[in-house]
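Chemist: here you go, sequence then predicted model.
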Amino acid sequence: MSIRVGIVGISGFGGGEAMRLIAGHPAFELVYAAGEGSAGSRLVDRFPGVPQKLAGLVIEKWDPAALPQLDLLFASLPTGTSAEALARVPDEVKIVDIGGDHRYADGWVYGLADVWPARIAGRSRVANPGCFPVATLNTLAPLLVNRLIEPGNIVIDAKTGISGAGRGGADARFGYADTNENLQPYGLLKHVHMPEMARTIEGLSAGSAAGLVFTPHLVPMTRGVLVTLYCRGRATTQECLDAARSFYADRAFVRVTDRPPQTKWATGSNLSFVSYAADPERNLVIAMGVVDNLGKGAAGQAVQNANLMSGLPETAGLDGAPLWP
Ligand SMILES: NC(=O)C1=CN([C@@H]2O[C@H](COP(=O)(O)OP(=O)(O)OC[C@H]3O[C@@H](n4cnc5c(N)ncnc54)[C@H](OP(=O)(O)O)[C@@H]3O)[C@@H](O)[C@H]2O)C=CC1
Ligand SMILES: CC(=O)N[C@@H](CCC(=O)OP(=O)(O)O)C(=O)O
């Protein structure tokens, strides 16, 4: 039996990636697509390569009062624009919010799927983590749970591809001439992802994350997030790798590697790569994490969460290999 799903924000980068994954999903059937400016166009008009079975589906104007019969809705709307409308979606329709409006909000589970799948299974309102948080938290979780680093002294140096800003990123920073052959730090001291990262670090460690520092950088590539995390701790490299291998032993999507991960390893997939280099004498642990911002960072983890919410195998529709090169 198929599960009837919808995507609001389908014309965007996150929504479009969700469509690509759902088109190949064994149990999900896309029956509803919605948006604002794209309303009235067919999927084939926006995505010329869309599979034939979806080509004629017309994007509706987003209206939670006019939904067809649905089991599950993926919301991929600009942060700040989804809370009011999603509150009007009937309770029986499950929702995965890819945007930032419901992270640690009442009634919603924070959907860090690789770390706590049991919290997500069977739930009906799940908030996807942001792309930097999932790359960071998947990498830190084994160290925090095993008390291998101090939670209060973590510095996150992050790099992101331009698609992290979405298609709607009309900001002049995101044009070709501004991004090609260029590197830009941004969001210093108060990036919007700080609270969800601090709260999760505190939950995993039972300590304070008060000293957290996070600086993202925009780099001239389309997809990918790399986080390099500077931590205080006396563990060896081998102890960090062993902790991660044990923590993720039965998890499908997290790969623990001896060598530093690269963004291309994850492109087009729901994979998360983690690795570590530590020097106990210098009280230093360097932890590294890679995801595709549109995969694990958005639509991939959204589908993983939807599988858990629907009682499906967690890997359904997500077992394709990454793109290479
Ligand atoms: N890009 C990324 O790597 C990641 C993004 N996210 C989050 O996912 C969400 C979507 O991001 P992204 O796909 O990149 O953004 P885009 O700018 O690419 O897409 C935004 C989408 O929202 C739709 N939209 C905007 N306003 C409205 C409205 N009032 N009613 C209905 N639809 C509307 C647009 O539809 P239309 O074209 O029809 O107007 C478009 O489909 C954001 O919250 C973002 O922060 C999270 C993790 C990673
Ligand atoms: C390059 C770029 O702008 N990236 C986005 C992250 C995308 C993301 O994870 O978005 P939400 O948390 O809003 O869902 C940013 O730094 O805000």
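Modeler: Great, that's in hand. Ligands and ions are numbered 1, 2, ... in the order given.
Chemist: can you tell me if stretch 283-295 touches ligand 1.
Modeler: Yes - applying CB under 6 Å from any ligand atom, one finds stretch 283-295 in contact with ligand 1 at 293-294. Bear in mind the C-beta positions are built from the backbone N, C-alpha and C, glycine included.
Chemist: can I get that stretch as CSV, trimmed to CA atoms?
Modeler: C-alpha atoms of stretch 283-295 as CSV (Å, rounded to 0.1, in the frame of the first residue of the first chain):
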residue,chain,number,x,y,z
ASN,A,283,44.5,18.3,25.2
LEU,A,284,43.2,18.6,21.6
VAL,A,285,40.6,16.6,19.7
ILE,A,286,39.9,17.7,16.1
ALA,A,287,36.6,16.2,14.9
MET,A,288,35.6,16.4,11.2
GLY,A,289,32.1,15.8,9.7
VAL,A,290,30.8,15.9,6.1
VAL,A,291,27.2,15.8,4.7
ASP,A,292,25.5,17.0,1.5
ASN,A,293,23.5,20.0,2.7
LEU,A,294,20.6,18.9,0.5
GLY,A,295,20.9,15.2,1.4
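Chemist: show me what from the stretch 151-300 of the chain comes close to ligand 2.
Modeler: 160, 164-165, 187, 192-193, 216, 218.
Chemist: now do the strands in the stretch 1-150 of the chain.
Modeler: 3-8, 28-35, 60-61, 72-75, 94-97, 109-110, 125-127 (DSSP state E, counting those that start in this stretch).
Chemist: let's have the residues of the stretch 151-300 of the chain next to ligand 2 in TSV, adding secondary structure, distance to residue 264 and pLDDT.
Modeler: Output for those, formatted as TSV (DSSP: H, G, I helix; E, B strand; the rest coil; distance: CB to CB, whole Å; pLDDT from 0 to 100):
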residue	secondary structure	distance to residue 264	pLDDT
160	strand	14	98
164	helix	16	96
165	helix	20	93
187	coil	24	94
192	coil	27	96
193	coil	23	97
216	strand	19	98
218	strand	17	96
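Chemist: filter the residues you listed down to the buried ones, PyMOL style.
Modeler: The command below creates a PyMOL selection of those among these that count as buried (16 or more other CB atoms under 10 Å):
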select buried, resi 160+164+165+187+193+216+218
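Chemist: the residues of the stretch 151-300 of the chain next to ligand 2: which ones sit near ligand 1?
Modeler: residue 164.
Chemist: buried residues in stretch 118-130?
Modeler: 120-121, 123, 125-130.
Chemist: if we check ligand 1, which of those are in contact?
Modeler: residue 130.
Chemist: looking at the buried residues of stretch 118-130, which two lie furthest apart in space?
Modeler: Largest separation among those by CB to CB: 121 and 130, giving 22.0 Å.
Chemist: doesn't residue 285 fall inside a helix?
Modeler: No - secondary structure of residue 285 (DSSP: H, G, I helix; E, B strand; the rest coil): strand, not part of a helix.
Chemist: for it, which residues are in contact?
Modeler: Going by CB atoms under 8 Å, 6 or more residues apart in numbering, residue 285 touches 143, 148-149, 230-233, 235, 240, 276-278.
Chemist: and it, how far is that from ligand 2?
Modeler: According to CB to the nearest ligand atom, to the nearest Å, residue 285 stands 25 Å off from ligand 2.
Chemist: hang on, residue 312 packs against residue 1?
Modeler: No - contact criterion CB atoms under 8 Å: residue 312 and residue 1 do not qualify, at 11.3 Å.
Chemist: who has more neighbours out of the two?
Modeler: residue 312 (18 against 6; other CB atoms under 10 Å).
Chemist: could you pull up the residues touching the more buried one?
Modeler: Residue 312 touches 3, 27, 306, counting by CB under 8 Å, 6+ apart.
Chemist: so what's the last one closest to, chain neighbours aside?
Modeler: Among residues not flanking residue 306 along the chain, residue 96 sits closest, at 5.3 Å (CB to CB, 6 or more residues apart in numbering).
Chemist: identify the bridge partners of that neighbour.
Modeler: Using DSSP bridges, the bridge partners assigned to residue 96 are residue 74, residue 126.
Chemist: report how many residues lie close to it.
Modeler: Residues lying near residue 96 (other CB under 10 Å) number 30.
Chemist: state the pLDDT value of it.
Modeler: Residue 96 is assigned 98 on the pLDDT scale.
Chemist: may I see the buried residues of stretch 209-222?
Modeler: 209, 212, 214, 216, 218-219, 221.
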